[in-house]
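Trainee: I would like to see how this sequence folds:
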Amino acid sequence: MTFNALWLTDPKIDKNSATLSAVDETTLAHLPVTLRVLYSSLNYKDALALRAKAPVIRQFPLIPGIDMIGEVIASESTQWPIGKLAVVTGWGIGEQYHGGLAEKFSAKAEWLTALPEEISALNAALIGTAGLTAMLAVLQLDQQGITPERGPIAVSGASGGVGSFSTWILAQLGYEVIAISGDRHAEEYLIKTLGARSILPRSELSESGKKLQAERWAGAIDCVGSHTLANLLAATQRNGTVVACGMAQGLELTTSVAPFILRSIRLVGVDSVYCEVAQRHAAWQRFAALLSRSSLPIPYQTIKLDQVMEFADRLLEGNVRGRIVVQTT
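Mentor: Sure, this is the predicted structure:
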């Protein structure tokens, strides 16, 4: 038996390294749970892998796709009966294990998170890694005692996937959000659609600045790293928290101890790939609570597996706004 999947071979050996292929079921690793994939999504990391623009894939050949929502069709785990819906993000899928851009998927039981009844399979794909990362960041602010009453929250990279979700979640929870974006035409999206209170041009934070600046926000979610993260730290109010979850601007961080020892600022990191099962469960439950009273405003488009390569190019060229959901069946 075969199933359709995006199939990647080593680009150093094969010029046509990414193809939509009929893959034999025996190719999948013998893992406890097999799922029929309902939806995946196309993330920036997936696009980099598909077009060999970065060393995302750790072994070849491989099925890419870092997100997967599916229905259990075979199981050796009592925890995962046939027919149950599950979501998988992270854990190395689409990088070192076969991923979600396929009609079938095999998984370890601990990779799976039960899909709350309030969240449809489509919405789970729309949320995906980007939404999960954003919710984990918001939960970190909450755990550090940064409540809406403490003051505004800055979100860098607010027009991107994680930034968009962060902005919307915070606004839904009653926070005043300062959206930091380089998109001059994003006002309607960030303020009217996502609920940001104001927009700060990306250029104000993207260059090296003073190590300690006027206090502007109670906390921040940073999706870009580098100078932006350093400036966010420098302008955070006393006893505030900055959550780092991205590196779009760069990996380096040039700052000083001043924000930490003079204002007791906390810098907290978020890893959505290998975060604990309990954290994942808490994040999806918070999404369920939000979606019980509101609908997701994040723009998206649904494509098929045979359109993935075309949209990977568009994504890398910056010609896509919102999320790309892949309907695999």
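
Trainee: CA only for contacts and neighbour counts going forward, please
Mentor: Will do.

Trainee: Next up, the contacts around the spatially most central residue of the chain.
Mentor: Centroid-nearest residue in the chain: residue 130, 1.7 Å away (criterion: C-alpha atoms, centre = their mean). With contacts defined as C-alpha atoms under 8 Å, 6 or more residues apart in numbering, the neighbours of residue 130 are 161-162, 165.

Trainee: top of these by neighbour count?
Mentor: Most neighbours among those, by other C-alpha atoms under 10 Å: residue 162, with 27 neighbours.

Trainee: Quick check: pLDDT value at it.
Mentor: Per-residue confidence (pLDDT) for residue 162: 94.

Trainee: Residue 51 now?
Mentor: pLDDT at residue 51 comes out at 87.

Trainee: What does it show for phi and psi?
Mentor: phi -110, psi 10 (degrees, to the nearest 10).

Trainee: do residue 155 as well
Mentor: phi -130, psi 110.

Trainee: cool, residue 238 as well?
Mentor: phi -50, psi 140.

Trainee: What of residue 122?
Mentor: Main-chain dihedrals, residue 122, degrees, to the nearest 10: phi -60, psi -50.

Trainee: Ok, residue 108 next?
Mentor: phi -80, psi 150.

Trainee: Need the pLDDT of it.
Mentor: At residue 108, pLDDT is 96.

Trainee: again, but for residue 15
Mentor: We have a pLDDT of 68 for residue 15.

Trainee: related to what we said a few turns ago, could you say which helix or strand holds the residue nearest to the centre of the chain?
Mentor: helix 121-143 (DSSP states H and E).

Trainee: buried set for that helix?
Mentor: 121-141 (16 or more other C-alpha atoms under 10 Å).

Trainee: What are the contacting residues of stretch 150-157?
Mentor: For stretch 150-157, using C-alpha under 8 Å, 6+ apart, the contacting residues are 163, 166-167, 175-182, 202, 216-224, 228, 232.

Trainee: chain center to stretch 215-227: distance?
Mentor: From the chain centre to the centre of stretch 215-227 is a distance of 18 Å (C-alpha atoms, centre = their mean, to the nearest Å).

Trainee: Which residues in that stretch does the neighbour count mark as buried?
Mentor: Buried, per 16+ other C-alpha under 10 Å, within stretch 215-227: 216-227.

Trainee: Which of the three states applies to residue 34?
Mentor: The three-state label given to residue 34 by DSSP: H, G, I helix; E, B strand; the rest coil is strand.

Trainee: Report the contact partners of it.
Mentor: The neighbours of residue 34, taking C-alpha under 8 Å, 6+ apart as the test, are 72-75, 104-107.

Trainee: Can you tell me which of those residues is nearest residue 303?
Mentor: When the contacts of residue 34 are compared for distance to residue 303 (C-alpha to C-alpha), residue 104 comes out closest, at 17.2 Å.

Trainee: Give me the pLDDT value at the closest one.
Mentor: Residue 104 is given a pLDDT of 97.

Trainee: nearest spatial neighbour of it, skipping sequence neighbours?
Mentor: Once flanking residues are discounted, residue 104 sits nearest to residue 36: 4.8 Å by C-alpha to C-alpha, 6 or more residues apart in numbering.

Trainee: re earlier: quick check: the farthest pair among the buried residues of stretch 215-227?
Mentor: Farthest pair in these, by C-alpha to C-alpha: 218 and 226, 19.9 Å.

Trainee: Could you grab the helix/strand/coil label for residue 242?
Mentor: Relying on three-state DSSP, one would call residue 242 strand.

Trainee: what about it, how many residues close to it?
Mentor: Neighbour tally, residue 242, other C-alpha under 10 Å: 27.

Trainee: and what of the one 4 residues further on?
Mentor: For residue 246, the count of nearby residues is 23 (other C-alpha under 10 Å).

Trainee: Please name the nearest non-neighbouring residue to it.
Mentor: In space, residue 246 is closest to residue 223, 3.9 Å off (C-alpha to C-alpha, 6+ apart).

Trainee: For that neighbour, which residues are in contact?
Mentor: Taking C-alpha under 8 Å, 6+ apart, one finds 155-157, 162-163, 244-248 in contact with residue 223.

Trainee: 7 Å instead?
Mentor: Residue 223 makes contacts with 156-157, 162-163, 244-248, as judged by C-alpha atoms under 7 Å, 6 or more residues apart in numbering.
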